[in-house]
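K.L.:
Sequence first, then the predicted structure:
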Amino acid sequence: MQIAIAGATGYTGLELTRILSAHPHVTISALTSETYAGQEYSSVYPGYLKRELPRLEPLVPDAIIAKADIIFTALPHKEAMRVIPSLLKRGKRVIDLSADFRFKNQKTYERWYQEHSAPGLLAKAAYGLPELYRSTIKKAKLVANPGCYPTSIILPLVPLLQQGLLTTSSIIADSKSGVSGAGRSAKTASLFCEVSEDFRAYGVFEHRHQPEIEEQLSSLSGSTIKIAFTPHLLPMSRGMLSTVYTRLKKSARTQDIQSLLEKFYKKEPFVRILPQGTLPNTAAVRGTNFCDIGFRLQEKQLVLISCLDNLVKGASGQAVQNMNIMLDCPETTALNMAPLYP
């Protein structure tokens with residue numbers, strides 16, 4: 001299969017290039033960049049010297065359509081919705097890493113982002129969380145890759161919510177992310193001297209991933225879910241840890257919660273329920289497509305902790321996992337990476 005990556009020089013585009021370069025069933029046939037059009041990929045990222053990759057080109061839909069069967073759009077919000085309709089009309093399958101098609105509710109999207117120029121596609125897009133929507137993803141023409149924070153929060157909560165075990169009025173998600181989550185474009189808040197030796201909360205009650213989390217949790221549980229979500233910026237390049245505070249409706253044993261989580265994710269290759277007494281850490285998932293989940297239980301108070309790499313399971317790795325499902329490849333193809341320990 002011929003693969004194009006639109007927006008190939010951002011961090012998620014770079015991760016897609018890294019992973020897909022090692023994929024045995026696809027060939028990267030087009031890489032786009034508005035900033036570096038006409039240049040070799042290795043001129044932007046010298047680590048790709050002596051690798052056979054196409055020269056960077058501007059994003060012209062007709063040119064990309066002629067070169068690719070599946071197109072990854074690692075583009076800014078609004079830019080993705082501008083080009084995706086034309087790709088779909090020409091019979092291409094698209095995996096979108098922006099937020100433009102993650103919402104089913106147009107009004108919710110427009111409240112948090114901007115006016116939607118292709119609202120007719122919202123109902124047709126599959127939400128690309130493989131563990132929960134595999135059958136829909138397999139048949140989809142358009143897959144909306146989830147946000148990194150939503151992935152880290154939805155995965156530990158869904159098994160418990162679907163069993164009706166949680167008091168839904170008091171869910172608190174406290175999440176931390178590495179700086180790469182802010183993207184590659186130059187921002188004062190992302191400069192080394194601003195981030196190093198610092199730790200801060202941001203987007204309190206204002207982060208765009210909150211409505212995404214709430215829409216998905218509500219849909220998957222069959223009841224309206226509201227959460228208190230606060231993201232934080234960690235002084236490291238990549239990684240994400242979410243601590244989710246919940247309360248059980250009635251007392252349960254630690255083993256009951258452990259068994260429930262293990263059974264729910266038993267067949268999932270990229271969700272690891274850690275042994276009792278072990279809590280996740282970011283180094284164990286760095287550079288991998290794993291989401292590690294652990295918990296602590298004290299009477300009715302349940303604290304769930306998850307870790308993932310925000311650029312892999314939180315973005316590009318999950319996108320490739322979705323592609324594998326769409327192509328009927330083994331889901332782990334090109335994704336069995338060992339963690340990038342220091």
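P.N.:
The structure has been received and is ready for your questions. Everything numeric here is computed off the predicted structure, so don't read it as measured data.
K.L.:
Val303 - that's part of a helix, no?
P.N.:
No: Val303 is assigned strand when assessed by DSSP: H, G, I helix; E, B strand; the rest coil, not a helix.
K.L.:
burial measure for the residue nearest to it when sequence neighbours are not counted, as a count.
P.N.:
Sequence neighbours aside, Arg296 is the residue nearest to Val303 in space, at 4.8 Å (criterion: CB to CB, 6 or more residues apart in numbering). Just so you know, the C-beta spots here come from the backbone N, C-alpha and C atoms, and that holds for glycine as well. Counted with other CB atoms under 10 Å, the neighbours of Arg296 add up to 15.
K.L.:
Ok, Pro119 next?
P.N.:
Close neighbours of Pro119, defined as other CB under 10 Å, add up to 15.
K.L.:
In the least confident helix or strand in the chain by mean pLDDT, which residues are buried?
P.N.:
When the helices and strands of the chain are scored by mean pLDDT, DSSP states H and E, helix 192-195 comes last with a mean of 85. Neighbour counts using 16 or more other CB atoms under 10 Å place Val195 of helix 192-195 among the buried residues.
K.L.:
Next SSE downstream of that helix?
P.N.:
On the C-terminal side of helix 192-195, the closest following helix or strand by DSSP states H and E is strand 200-201.
K.L.:
So which residues make contact with that next one?
P.N.:
The contact list for strand 200-201, computed with CB atoms under 8 Å, 6 or more residues apart in numbering, reads 230-233.
K.L.:
for the helix ranked longest in the chain, packing partners?
P.N.:
If you go by DSSP state H, the chain has its longest helix at helix 148-162. Packing partners of helix 148-162 (3 or more CB pairs under 8 Å, 6 or more residues apart in numbering; DSSP states H and E): helix 130-139, strand 171-177, helix 209-221, strand 227-233, strand 240-247, helix 254-264, strand 291-298, strand 301-308.
K.L.:
Tell me the gap between the third one and the middle of its chain.
P.N.:
Right, the one you point to is helix 209-221. Its chain's C-alpha centre and that of helix 209-221 lie 14 Å apart, by CA atoms, centre = their mean, to the nearest Å.
K.L.:
tell me the mean pLDDT for it?
P.N.:
Averaged over helix 209-221, pLDDT sits at 97.
K.L.:
can you list the residues that contact it?
P.N.:
With CB under 8 Å, 6+ apart as the test, helix 209-221 has contacts from 99, 102-105, 108, 111-112, 127, 129, 132, 146-150, 153-154, 157-158, 161-162, 168, 173, 224-227, 229, 231.
K.L.:
Low-confidence regions, the protein specifically.
P.N.:
The model of the chain has no residue with pLDDT under 70.
K.L.:
mind running it again at 80?
P.N.:
The chain contains residues with pLDDT under 80 at 182-187, 189-190, 342.
K.L.:
mind listing what the closest residue to Gln318 other than its chain neighbours touches?
P.N.:
Spatially, and ignoring its direct neighbours in sequence, Gln318 is nearest to Asn145 (5.9 Å; CB to CB, 6+ apart). Neighbouring residues of Asn145 by CB under 8 Å, 6+ apart: 95-97, 102, 128, 315, 318-319, 322.
K.L.:
7 Å - rerun?
P.N.:
By CB atoms under 7 Å, 6 or more residues apart in numbering, Asn145 lies in contact with 95-97, 128, 315, 318-319, 322.
K.L.:
Distance check, it against Ile95.
P.N.:
Noted for Asn145: a distance of 6 Å to Ile95, by CB to CB, to the nearest Å.
K.L.:
residues shared between the contacts of these two?
P.N.:
With CB under 7 Å, 6+ apart, Asn145 and Ile95 have common neighbours 128, 319, 322.
K.L.:
out of these, which one sits closest to Thr188?
P.N.:
Ala319 (29.1 Å; CB to CB).
K.L.:
roughly how far apart are Glu57 and His207?
P.N.:
The gap separating Glu57 from His207 is 34 Å, by CB to CB.
K.L.:
Domain-wise, how is the chain divided?
P.N.:
Listed by automatic domain parsing, the domain ranges of the chain are 2-124, 148-310.
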